[in-house]
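Novice: After the sequence you'll find the predicted model.
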Amino acid sequence: RVFEFGDGKLNPLGGPTRKAIHSQLEEWRAIDSITSVVLVGKGRQFSAGADMTEFGKPNSNVIGMVELTQYVESYPKPIVAAIDGVALGGGLELALSCHYRVADPKTAKFALPEVKVGVIPGAGGTQRLPRVIGIERAITMILNGVQITGATALDWKLVDGLKHPKQSLVECATSWASWSELMPLSRISDVSLDIQQVEDLCNKVEKTLPAPEFGGFGAHAALKAIRASPNFSKGMETESSMFVHTLGHPQGKALRHAFFAVRTAQKVGKPIQNKKHSLLTNHSSSTVGVVGAGLMGSGIAMVLLQAGFIVQLVDIDAKALQKGVTFLKGTVTSYVRRGKWSRLKAESIIQSLKPTTKLVDLKDCVLVVEAVLENLSIKRKIFETLNEITPPDAFLLSNTSSLSIDVIASALSHKRRPLCAGWHFFSPAHKMKLVEIIVGKDSSGEVISILQNLTKQIGKIGVVVGNCNGFVGNRMFANYTGEACFLLAEGVGSVQMVDRALSKAHGMALGPFEVGDLAGNEIGYYIRKEKGLTRDVNTNQIGPNRGNQRYTELGDDLVTKLGRHGQKTGKGWYDYDPKIGKGRKCLPSQEVTEFIAQYHPKVKKAQLNQQEILERVLFPLVNEGFKILEEGHAQRPSDIDVVYLYGYGWPAWRGGPMFWADHEVGLPYLLEQLKRYEEEFPGSDYFQPSELLKTCVRLNLTVEEYYKKLMNKQIKSRI
């Protein structure tokens, strides 16, 4: 008999689905004429795993995952798992408990990704998988969440067979079921493991894992369960204990928060009216344009080419255009060399690239994204031209990282403004996952919804944000990098000390000065210059908008006086040697150390410890997040977390800056310290506590709780 289970979508193994599987098998168990069973997921997937919304909730009377897999494995009649699409987490554990597994070679994908969401496989995955594919491969799959294809699964003996092109998956599984009736039942739990081999490999791998307190808690827990696997019953007990332990651990909660935050951010706000829009349905015959062939523009072009679009890449500077084309061709060639793409695909993508120095060549584009320097007058001139030459229904987008979308859109006719929005990629655009989708005052809901869908289609994580200075990410980041510079100017921390505190102690991918060198220190300088904050290099006049705000010119002078732009010039906050680490390794700079010393006050201050450094640079960042929420420029705290997780290297095991403030720092302490800094450092608005923060503390709520309980009544988003 064939039993189809699930909701017909991803078939999560929630309580009702587990009950349905168990009840059906129990019924068929008593029918002598039913001699074997095929389990198959409804629709085009086997199962994406457990229903994570059940995690941490009281156990119901419904059969659990452990009990279900034990029941399936001990079933007196052979059960064949027919795997189409994904078999992830609990889905793979269910398949492993079946007596045989067959799969579709084109669609099947297998993984145990639980560690990525802060738990470990809890239904026998750490015990059965090593017995099927070997301990070394099992460790890789479990600790890294590696996903493998049907072909690899057959090679590793994870599946017993693949369906033939001329037969359906169910036909293949039914054939296996008929054959299995003639064979004695074999159970994976009966397979023995070499105790010494397991111990040796676990010892070897353990040395490579991050410390448990530094994001490695889940991986260490999974390894402990694997280490116990030679004795199946004791291994299952260890797995169960470790699963419960990880479920309640702060890192696990943070990782699951991050998981759900992404999915919440990607939900389309308003239903799309034109679901057949060419941007969503017909990439290969749709032409899109990118204005600017620099690092960012070329990266965006690469993303759109990968998505199947025909791309007009425009730059009026022929040399800059050629440099961009060379970058794109070099990237494509490297993908072929590494086996990521076939030569045929590479040739097709190169043919879809149409470089030009003429804006008029954008006349047939359904979408144009501008990615030139952060100069408002230049951007407005480009949009004035786009208004005249592009089709009247073309989307006109800006990749600006800080400038007002409304001011840019004002260069368009009133009829075109609803088609204008921000589409802010992060550098390097072809590698970074985040895109901020910026809503202008005239941006239509339909355009934003289509952009949300398109952003997901091109493999990015889109977060809808409001139109304010720097939007969400860079508005908060300006406080972070600004205060980091003050630590240098005050002499209370060095470049290396600050970066080490943020990366090594807190877990950021890079410290603030490493980021500056990687992105280019001149970018921040030009943004500050555009804001009217910098000193004029010719007249020595201070920018008109600086006023009485607390400001250090250290970062400006690094660029204008020393020309230390970062890695691309071989010198920034650090030195770079092309012979060391391919020119990317950060080397302490004596020149920078001596230069910074010129800014130190006459009366020396004591050096800050790591915790003090973290609070000085991260608290103003988080405080700005509260202000963004307060002003309605972000829809929810978790959206801000997603921006920092995928755009700024925030450690996932800390959940994001707003989650961190709620659950690690504590809002009362955050408020107390901000008040102290506000008094100690007058002129820094970013130390002035947010009213929303004060309200949360007064109500004794986390900001997450505040939004869940009071959002509909008291908070209005501008988005």
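Specialist: Everything's here; your move.

Novice: Now do the buried residues in stretch 106-115.
Specialist: Counting neighbours by 16 or more other Cβ atoms under 10 Å, one finds that the buried residues in stretch 106-115 are 107, 108, 109, 110, 111, 112, 113, 114, 115. C-beta: built from backbone N, CA, C; applies to glycine.

Novice: Do I have it right that the first one meets residue 85?
Specialist: Yes - the criterion here is Cβ atoms under 8 Å, and residue 107 meets it with residue 85 at 5.2 Å.

Novice: list the residues that contact both of these two?
Specialist: Residues touching both residue 107 and residue 85 (Cβ atoms under 8 Å, 6 or more residues apart in numbering) are residue 44.

Novice: picking up where we left off before, now render the buried residues of stretch 106-115 as a markdown table, adding secondary structure and distance to residue 265.
Specialist: Below are the buried residues of stretch 106-115 laid out as a markdown table (DSSP: H, G, I helix; E, B strand; the rest coil; distance: Cβ to Cβ, whole Å):
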| residue | secondary structure | distance to residue 265 |
| --- | --- | --- |
| 107 | coil | 27 |
| 108 | coil | 29 |
| 109 | strand | 24 |
| 110 | strand | 27 |
| 111 | strand | 23 |
| 112 | coil | 25 |
| 113 | coil | 19 |
| 114 | helix | 22 |
| 115 | helix | 22 |
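
Novice: Going by distance to residue 274, which of these wins?
Specialist: When the buried residues of stretch 106-115 are ranked by distance to residue 274 (Cβ to Cβ), residue 107 comes first, at 29.3 Å.

Novice: Next secondary structure element downstream of the helix or strand hosting residue 92?
Specialist: Taking DSSP states H and E as the criterion, residue 92 maps to helix 90-97. Proceeding N to C from helix 90-97, the next assigned helix or strand is strand 100-103, under DSSP H and E.

Novice: returning to that earlier point: so which of the buried residues of stretch 106-115 comes closest to residue 287?
Specialist: residue 107 (31.0 Å).

Novice: Next, the contact list for that closest one, please.
Specialist: By Cβ under 8 Å, 6+ apart, the neighbours of residue 107 are 44, 84, 85, 150.

Novice: Tell me the buried residues within these.
Specialist: Those of these that meet the buried threshold are 84, 85, 150, by 16+ other Cβ under 10 Å.

Novice: does residue 689 count as helix, strand or coil?
Specialist: Assigned with DSSP: H, G, I helix; E, B strand; the rest coil, residue 689 falls in the coil class.

Novice: how far away is it from residue 648?
Specialist: 23 Å (Cβ to Cβ, to the nearest Å).

Novice: ok, the two, which is more surrounded?
Specialist: Between residue 689 and residue 648, counted using other Cβ atoms under 10 Å, residue 648 has the larger neighbour count: 23 against 20.

Novice: so what pLDDT did that one get?
Specialist: With respect to pLDDT, residue 648 scores 96.

Novice: now do residue 708
Specialist: Looking at residue 708, the pLDDT reads 88.

Novice: what about it, how many residues close to it?
Specialist: Using other Cβ under 10 Å, residue 708 is surrounded by 13 other residues.

Novice: Check the gap between it and residue 567 for me.
Specialist: Taking Cβ to Cβ, one finds residue 708 at 43 Å from residue 567.

Novice: And residue 379, by the same measure?
Specialist: Using Cβ to Cβ, residue 379 is found at 26 Å from residue 567.

Novice: higher neighbour count, the two?
Specialist: Shown here are residue 379 and residue 567; by other Cβ under 10 Å, residue 379 has more neighbours (23 against 20).

Novice: what's near enough to touch that one?
Specialist: Contact analysis of residue 379 by Cβ under 8 Å, 6+ apart lists 370, 372, 398, 400, 403, 408, 411.

Novice: and those residues, which of them are in helices?
Specialist: If you go by DSSP state H, those have residue 408 in helices.

Novice: Name the residues that touch stretch 482-489?
Specialist: Residues outside stretch 482-489 that contact it (Cβ under 8 Å, 6+ apart): 493-495, 498, 512-513, 550, 552, 554-555, 596, 599-600, 608, 613, 616-617, 620, 681, 684, 686.

Novice: Could you report the neighbour count for residue 532?
Specialist: For residue 532, the count of nearby residues is 12 (other Cβ under 10 Å).

Novice: Spit out the contact partners of the closest residue to it other than its chain neighbours.
Specialist: Nearest residue to residue 532 in three dimensions, chain neighbours excluded: residue 545, at 3.5 Å (Cβ to Cβ, 6 or more residues apart in numbering). Listed by Cβ under 8 Å, 6+ apart, the contact partners of residue 545 are 531, 532, 533.

Novice: With residue 77 instead?
Specialist: Residue 77 makes contact with 28, 29, 34, 35, 36, 37, 181 under the criterion Cβ under 8 Å, 6+ apart.

Novice: Can you say which of these are buried?
Specialist: Neighbour counting over those (16+ other Cβ under 10 Å) leaves 28, 36, 37 as the buried ones.

Novice: Return the distance of the first one relative to residue 20.
Specialist: Think residue 28. Remark: distance between residue 28 and residue 20 (Cβ to Cβ) = 13 Å.

Novice: still on that earlier bit, residue 652: which of the buried ones among the contacts of residue 107 is nearest?
Specialist: Nearest to residue 652 among the buried ones among the contacts of residue 107, with distances taken as Cβ to Cβ, is residue 85, at 25.7 Å.

Novice: Sort out for me which of the contacts of residue 545 are in helices.
Specialist: Using DSSP H, no member of the contacts of residue 545 sits in helices.

Novice: Go through the residues you listed and name the one nearest residue 541.
Specialist: For the contacts of residue 545, the minimum distance to residue 541 (Cβ to Cβ) is 10.8 Å, reached by residue 532.

Novice: Which pLDDT does the model give the closest one?
Specialist: With respect to pLDDT, residue 532 scores 94.

Novice: residues in contact with it?
Specialist: 543, 544, 545, 546.

Novice: neighbours around the second one, how many?
Specialist: What that stands for is residue 544. Residue 544 is flanked by 9 other residues according to other Cβ under 10 Å.

Novice: what do you get for the first one?
Specialist: As a burial measure, residue 543 scores 17 neighbours (other Cβ under 10 Å).

Novice: tell me the pLDDT at it?
Specialist: So, for residue 543, pLDDT stands at 95.

Novice: What distance do you get for it to residue 377?
Specialist: Going from residue 543 to residue 377 by Cβ to Cβ gives 17 Å.

Novice: What of the third one?
Specialist: If you measure residue 545 against residue 377 using Cβ to Cβ, the figure is 17 Å.

Novice: re the thing from before, in CSV, list the contacts of residue 107 along with secondary structure and pLDDT.
Specialist: Formatted as CSV, the contacts of residue 107 follow (DSSP: H, G, I helix; E, B strand; the rest coil; pLDDT from 0 to 100):
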residue, secondary structure, pLDDT
44, coil, 94
84, coil, 96
85, coil, 96
150, helix, 95
